[in-house]
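Enquirer: predicted structure and sequence below. I'll ask about it afterward.
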Protein chains: 2
Amino acid sequence: MNKSEKFDEELRELARYAKVISHPARLAIIKYLANTRTCISGDISDSLPLGRSTVSQHLKELRDAGLIHGEIDGLKINYCLCSGGIEKFMALFSGFFEPVKTNGFDCEISHP
Amino acid sequence: MNKSEKFDEELRELARYAKVISHPARLAIIKYLANTRTCISGDISDSLPLGRSTVSQHLKELRDAGLIHGEIDGLKINYCLCSGGIEKFMALFSGFFEPVKTNGFDCEISHP
DNA sequence: TTTTAATGTCGCAAAAATACGACATTATTT
DNA sequence: AAATAATGTCGTATTTTTGCGACATTAAAA
């Protein structure tokens, strides 16, 4: 029932990135890493209202998207943001929306 | 089981916008409207690999997010992009990621 | 006024995402 | 070598998303 293969790769790629940041927990992780520069996984789940294994899964999604990276340090893992992945995402986002923005209209009210 | 109320409103709002654009069909609709400036719902579903009622639901999500607007014109509905909504989203996005970008590291390879 | 046309909405089925406990893995410590 | 500690992974229940056909609504046409 998944018809998303029918769409352009450009759209699918941007949609994939968007999905990654479409959960507040993953945004919170990104924000946390931006503030602490680098940290371990345990630290992160302590600061979130979620269980450790759940946070671990969110970390995996961020990793798979190339937005973060985990460096093994003994028993712990130091996570950090990947500027490359983030810049790619931002470029993709801007590349799509900058042209779009100029074609909008004024329409605050009314929802048919 | 939904714990997303536990997160900051800033994160939840950005996550909501991200979710709206996290499907290629909705991105395709945005792109289509940006190209044609204004058009009717039928035109849109003709150019997508989805049924009409499905497209109608995607349109509703874009409307609810304030990204598009539909003006009733007799039996048809002219859809257009709302620059306001799009700019708000872009501002939110940049406001979150611009600061984040400067705190990233170089990490292309390796996924623990 | 009946018919036709263009959309929206509802209800359901299938799929995907989310959350978490239990277990697996790996590296220190003792 | 055994115990401990930090993390990842699996199984699974719950929720959310997706897609579509059937029906509802509204406006133009005949």
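Expert: Received the coordinates, thanks.
Enquirer: just the strands in chain A please.
Expert: A:39-40, A:68-73, A:76-81 (DSSP state E).
Enquirer: in a markdown table, list the ones you listed along with mean neighbour count, mean pLDDT and distance to DNA strand D.
Expert: To be clear about C-beta, it is placed using only N, CA and C from the backbone, and glycine gets the same treatment. Shown next, in a markdown table, are the strands of chain A (neighbours: other CB atoms under 10 Å in any protein chain shown; pLDDT from 0 to 100; distance: least, CB to the nearest atom of the strand, whole Å):
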| stretch | mean neighbour count | mean pLDDT | distance to DNA strand D |
| --- | --- | --- | --- |
| strand A:39-40 | 17 | 88 | 3 |
| strand A:68-73 | 18 | 94 | 5 |
| strand A:76-81 | 19 | 95 | 4 |
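Enquirer: and the ones you listed as JSON lines, adding distance to B:Leu92?
Expert: Converted to JSON lines, these look like this (distance: least, CB to CB, whole Å):
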{"stretch": "strand A:39-40", "distance to B:Leu92": "25"}
{"stretch": "strand A:68-73", "distance to B:Leu92": "21"}
{"stretch": "strand A:76-81", "distance to B:Leu92": "19"}
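Enquirer: among these, which is nearest DNA strand C?
Expert: Closest approach to DNA strand C among these is made by strand A:68-73 (6.7 Å; CB to the nearest atom of the strand).
Enquirer: now do the closest one: which elements does it pack against?
Expert: helix A:24-36, helix A:52-64, strand A:76-81 (3 or more CB pairs under 8 Å, 6 or more residues apart in numbering or on different chains; DSSP states H and E).
Enquirer: could you measure from A:Asp73 over to A:Leu62?
Expert: 18 Å (CB to CB, to the nearest Å).
Enquirer: again, but for A:Phe89
Expert: Taken as CB to CB, the span from A:Phe89 to A:Leu62 is 11 Å.
Enquirer: now swap in A:Ser83 and tell me
Expert: Taken as CB to CB, the span from A:Ser83 to A:Leu62 is 14 Å.
Enquirer: so these two - more neighbours on which side?
Expert: Just comparing A:Ser83 and A:Leu62: by other CB atoms under 10 Å in any protein chain shown the higher neighbour count belongs to A:Leu62, 25 against 17.
Enquirer: residues contacting that one?
Expert: A:20, A:26, A:29-30, A:68 (CB atoms under 8 Å, 6 or more residues apart in numbering or on different chains).
Enquirer: let me know the pLDDT of A:Lys88.
Expert: pLDDT, A:Lys88: 96.
Enquirer: what about it, neighbour count?
Expert: 16.
Enquirer: which residue comes closest to it once chain neighbours are left out?
Expert: Nearest residue to A:Lys88, sequence neighbours excluded (CB to CB, 6 or more residues apart in numbering or on different chains): A:Gly66, at 7.4 Å.
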